[in-house]
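J.: A predicted structure for the sequence below; I have some questions about it.
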Amino acid sequence: MPPRLDLNDSNHRLVVPPSRINLRRAKSYNAQEKGPLSATTSRFNFNHLLFSPPPSPSLPSLIPQKPKRTGSDLLLKSRPSRVFRWGLLATLLGAMTYVVSMCVRHQEGIQQAMWPYFEQQEYEMVGQDALPDFPTPIVLRDTRGRSKWTVSIPPDYDFPLSTEEYASMTGQCREVAARTRDITATADTFSQVYDTEDKYYVDVSKAEKLGLLDHGPKHVEPRKQKGHFVGLTHRNVAGRPVCESSMTYVLESTDAGMGNNLMMLWTFYGLAKEQGRAFFIDDSRWAYGDWTEVFEAPPLPDCRPPPRHHIVPCPFHARHLVVSGSTAKDMFPSLLAKHHRRAGSEDKVQDLWKLAREGYQDLFKLTADDAKYVTKRIRELKVRSQKGITAPDAPIIGLHVRRGDRHPLEYQYSETYIPAEVFHASARQMAAAHADAARYQTEAHWRRNEPILLLASDDPMVHLESDFSAAVLSQERIRLASKDAIQQQAGEPKQEPRFLHRFIDEAFGWEGGFYAPMFWNLGVSRKNNAANAPEGVDVGGAVNEEARLLAPPSAQTIQLRSLIGRAYMMDLAVLAGASDGVVCAVSAMGCRLLGVMMEWDKGVGGAGWVNVDGTYGWMGIDW
């Protein structure tokens with residue numbers, strides 16, 4: 001038996017464990033330890049799940065790990081930073097602010113930038129061997145077999161064409177030009193710029209020289225003299241060569257008013273003058289009669305007009321172009337775009353104003369008697385405004401009030417008319433700004449230095465309103481009369497309504513202003529009273545349509561219309577020549593004409609032309 005271990009003589013140390021060390025034996029995990037005590041008992045505790053040890057590092061993790069993101073995920077799926085989001089929001093707000101500010105700043109130019117709408121119509125092209133006996137654009141082949149197009153008008157056809165023919169031919173020209181480009185099937189694409197000339201178009205004179213357009217010997221001489229060019233006679237055109245290029249404006253419109261037609265005439269004259277085209281005016285179907293009954297003949301070029309069948313309504317770059325009220329909306333965008341490209345001006349409103357100003361300066365020449373009266377009238381008003389040496393002259397404020405069938409653009413007055421107090425208040429503000437403002441601070445100052453209000457209106461009853469009672473009529477040479485004035489001048493006694501009287505055709509006046517039906521019915525009987533309406537005007541029935549063809553306007557009707565036109569032009573001439581400022585509504589074409597007749601710095605470009613119809617600025621042609 002081995003000896004027992006004797007520890008008495010050994011040196012040993014006593015190891016005292018720290019108080020913080022727990023020497024208890026760790027319990028091993030036993031899944032059955034916390035189970036039920038017996039199979040018959042239901043006592044079961046889930047506390048053992050709270051003390052589960054961590055999973056083994058060798059076992060797969062129960063929590064899925066996030067995959068590593070690639071560069072595309074960082075760009076496409078990552079949420080942008082807060083700085084980037086705020087920067088993007090600031091950029092969008094800045095862009096919106098810029099657009100709104102530009103619209104507000106150039107609000108007067110918004111209306112001018114809108115060009116007329118082109119109606120899309122489809123036409124059927126029919127092939128034939130002979131040339132048609134009516135005006136139409138055609139597709140032909142040149143000497144090399146290439147497809148070209150031109151406008152074919154028989155030499156013996158009437159000139160100018162009817163309103164319907166001119167209106168339809170502009171759409172046909174666009175259709176034929178498009179078909180010609182499709183036939184050629186070239187790789188080049190047609191430019192969408194308005195002033196791009198069509199290289200497939202062949203001018204009428206060139207097509208005749210090349211033998212592409214031959215109407216035959218029976219169509220050489222016209223049956224009669226075509227149209228009526230203002231100021232042209234056989235004597236003053238004899239020996240002159242044919243113009244290289246020209247523009248002929250046909251004074252024909254379905255609009256009874258003269259203003260819009262006059263604005264078109266001035267504007268297209270400015271475009272023709274810039275392009276070096278000779279300009280002619282045809283008044284053979286003008287509703288107001290001869291041009292020389294209202295104005296002097298326009299200046300004549302050093303050449304004579306071309307043959308009438310060479311004058312075509314399309315395309316815009318044709319050598320000899322004709323423009324009327326029915327084709328102006330098709331030609332204007334291209335001609336104006338070409339003008340803008342040449343001028344390079346940023347102010348589109350002033351650019352358009354300058355074109356109309358060119359026409360006004362060269363074409364607005366009243367007849368000798370009317371011009372003499374206007375000059376005398378302006379001199380009288382200037383003398384009346386003089387207050388002597390001790391006081392400054394009283395300002396002359398012109399008021400152009402349009403009633404009748406022309407309603408304002410402003411929504412609240414669109415179904416009625418602008419109140420007279422609005423005109424009066426604007427005239428008062430203009431007078432205060434024109435003279436010393438301190439003179440008009442009180443009513444006493446206003447009465448002591450009251451300006452001269454110059455009134456022009458199509459309604460003869462306007463001056464009876466309280467706000468216009470002190471106004472002076474612009475001219476008294478020709479005035480639109482009221483019904484009472486007509487009966488008083490005729491010496492008709494006032495009839496007692498209680499008794500029967502012999503029937504007398506009731507007279508009508510211009511109360512309420514200028515209306516188109518009244519204009520077309522001037523000088524005609526009550527029967528077939530739409531016989532004098534121009535082509536294109538809805539006269540409301542086949543009977544009146546037939547009567548119009550059988551009964552052209554009489555000499556008396558033309559004379560009455562001419563008097564209305566002369567009165568209108570003299571009103572504008574006196575207002576533009578005598579007034580220090582004009583108050584008007586831009587919805588009326590007379591207001592826009594006054595803006596052209598006044599100097600730019602004095603009128604539209606300054607403070608002398610005030611519009612009371614909304615916040616609109618000056619605008620040109622009314623489409």
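T.: Arrived safely. Keep in mind that what you see is a predicted model, and the values were worked out from it rather than measured. Numbering: from 1, shown residues only.
J.: Can you read off the backbone torsions of L140?
T.: Backbone geometry at L140, expressed as degrees, to the nearest 10, gives phi -140, psi 170.
J.: quick one, what contacts it?
T.: Residues near L140 by CB atoms under 8 Å, 6 or more residues apart in numbering: S147, K148, W149, T150, V202, A207, L212, L213. Placement of C-beta: from N, CA and C, glycine included.
J.: SS state for the fourth one?
T.: Okay, so that is T150. Following DSSP: H, G, I helix; E, B strand; the rest coil, T150 is assigned to strand.
J.: Tell me the first helix or strand C-terminal of the strand or helix carrying A371.
T.: Using DSSP states H and E, A371 maps to helix 368-385. Using DSSP H and E, the helix or strand that follows helix 368-385 in sequence is strand 396-401.
J.: about what we covered before: output the helix holding A371 as CSV, restricted to C-alpha atoms.
T.: Presented in CSV, the C-alpha positions along helix 368-385 are these (Å, rounded to 0.1, in the frame of the first residue of the first chain):
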residue,chain,number,x,y,z
ALA,A,368,-58.4,117.7,-99.8
ASP,A,369,-61.6,119.0,-98.2
ASP,A,370,-61.6,116.7,-95.2
ALA,A,371,-57.9,117.3,-94.6
LYS,A,372,-58.5,121.0,-94.7
TYR,A,373,-61.3,120.7,-92.2
VAL,A,374,-59.2,118.5,-89.8
THR,A,375,-56.3,121.0,-89.9
LYS,A,376,-58.7,123.8,-89.1
ARG,A,377,-60.3,121.9,-86.3
ILE,A,378,-57.0,121.0,-84.6
ARG,A,379,-56.0,124.6,-84.7
GLU,A,380,-59.2,125.7,-83.1
LEU,A,381,-58.8,123.2,-80.2
LYS,A,382,-55.2,124.2,-79.7
VAL,A,383,-56.2,127.9,-79.4
ARG,A,384,-59.0,127.0,-77.0
SER,A,385,-56.5,125.2,-74.7
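J.: Do a quick rundown of the helices in the stretch 251-400 of the chain.
T.: Using DSSP state H, counting those that start in this stretch, the helices of the stretch 251-400 of the chain run over 259-274, 328-343, 348-363, 368-385.
J.: Counting neighbours, what do you get for V230?
T.: 21 (other CB atoms under 10 Å).
J.: Neighbours of L271, how many?
T.: For L271, using other CB under 10 Å, the count is 22.
J.: do you know how far the residue nearest to it when sequence neighbours are not counted is from I281?
T.: Leaving aside its chain neighbours, L271 sits nearest to L335 (4.9 Å; criterion: CB to CB, 6 or more residues apart in numbering). According to CB to CB, to the nearest Å, L335 and I281 sit 17 Å apart.
J.: of those two, who's got more company?
T.: L335 (25 against 22).
J.: where are the low-confidence patches of the stretch 1-150 of the chain?
T.: Along the stretch 1-150 of the chain, segments meeting pLDDT under 70 span 1-80, 102-129.
J.: Residue ranges of each domain in the protein, please.
T.: 136-363, 369-492+506-623 (automatic domain parsing).
J.: Reformat those into JSON lines and put distance to L92 next to each item.
T.: Listed next are the domains of the chain as JSON lines, based on distance: least, CB to CB, whole Å:
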{"stretch": "domain 136-363", "distance to L92": "27"}
{"stretch": "domain 369-492+506-623", "distance to L92": "27"}
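J.: Least confident secondary structure element in the protein?
T.: helix 110-113 (a mean of 32; mean pLDDT, DSSP states H and E).
J.: show me the contacts for the closest residue to L409 other than its chain neighbours.
T.: The shortest distance from L409 to any non-neighbouring residue, by CB to CB, 6+ apart, is to S587 (4.6 Å). By CB under 8 Å, 6+ apart, S587 lies in contact with R402, R406, H407, P408, L409, D613.
J.: Highest neighbour count among those residues?
T.: R402 leads those on contacts (other CB under 10 Å) with 27 neighbours.
J.: backbone phi and psi for that one, please?
T.: When read as degrees, to the nearest 10, the backbone of R402 gives phi -110, psi 130.
J.: The residue lying closest to it once chain neighbours are set aside: neighbour count?
T.: Nearest residue to R402, sequence neighbours excluded (CB to CB, 6+ apart): A588, at 3.5 Å. As a burial measure, A588 scores 24 neighbours (other CB under 10 Å).
J.: Excluding chain neighbours, what is closest to R384?
T.: Spatial nearest neighbour of R384, excluding adjacent residues (CB to CB, 6+ apart): I452 at 6.4 Å.
J.: The one you found is in contact with K382, isn't it?
T.: No. With contact defined as CB atoms under 8 Å, I452 does not count as touching K382 (9.8 Å).
J.: joint contacts of these two?
T.: With CB under 8 Å, 6+ apart, I452 and K382 have common neighbours I396.
J.: Contacts for the helix holding A371 next, please.
T.: Residues contacting helix 368-385 (CB under 8 Å, 6+ apart): 296, 365-366, 393-396, 452, 454, 472, 474-475, 477, 566, 569-570, 573-574, 577-578.
J.: returning to what we had before: which one of the domains of the chain has the poorest average confidence?
T.: Confidence, taken as mean pLDDT, is least for domain 369-492+506-623 of the domains of the chain (a mean of 83).
J.: Okay, now it: how far is its last residue from its first?
T.: Taking CA to CA, to the nearest Å, domain 369-492+506-623 runs 34 Å from one end to the other.
J.: before we move on, what about stretch 456-468?
T.: 11 Å.
J.: cool, and stretch 183-197?
T.: In stretch 183-197, first residue to last residue: 18 Å (CA to CA).
J.: Do a quick rundown of the strands in the chain.
T.: Applying DSSP state E to the chain gives strands spanning 136-141, 147-152, 246-250, 278-282, 320-323, 396-401, 452-457, 472-473, 581-584, 609-611.
J.: May I see the ones you listed arranged in JSON lines, with distance to W291 as well?
T.: As requested, these are exported to JSON lines (distance: least, CB to CB, whole Å):
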{"stretch": "strand 136-141", "distance to W291": "30"}
{"stretch": "strand 147-152", "distance to W291": "27"}
{"stretch": "strand 246-250", "distance to W291": "11"}
{"stretch": "strand 278-282", "distance to W291": "6"}
{"stretch": "strand 320-323", "distance to W291": "16"}
{"stretch": "strand 396-401", "distance to W291": "24"}
{"stretch": "strand 452-457", "distance to W291": "22"}
{"stretch": "strand 472-473", "distance to W291": "26"}
{"stretch": "strand 581-584", "distance to W291": "26"}
{"stretch": "strand 609-611", "distance to W291": "28"}
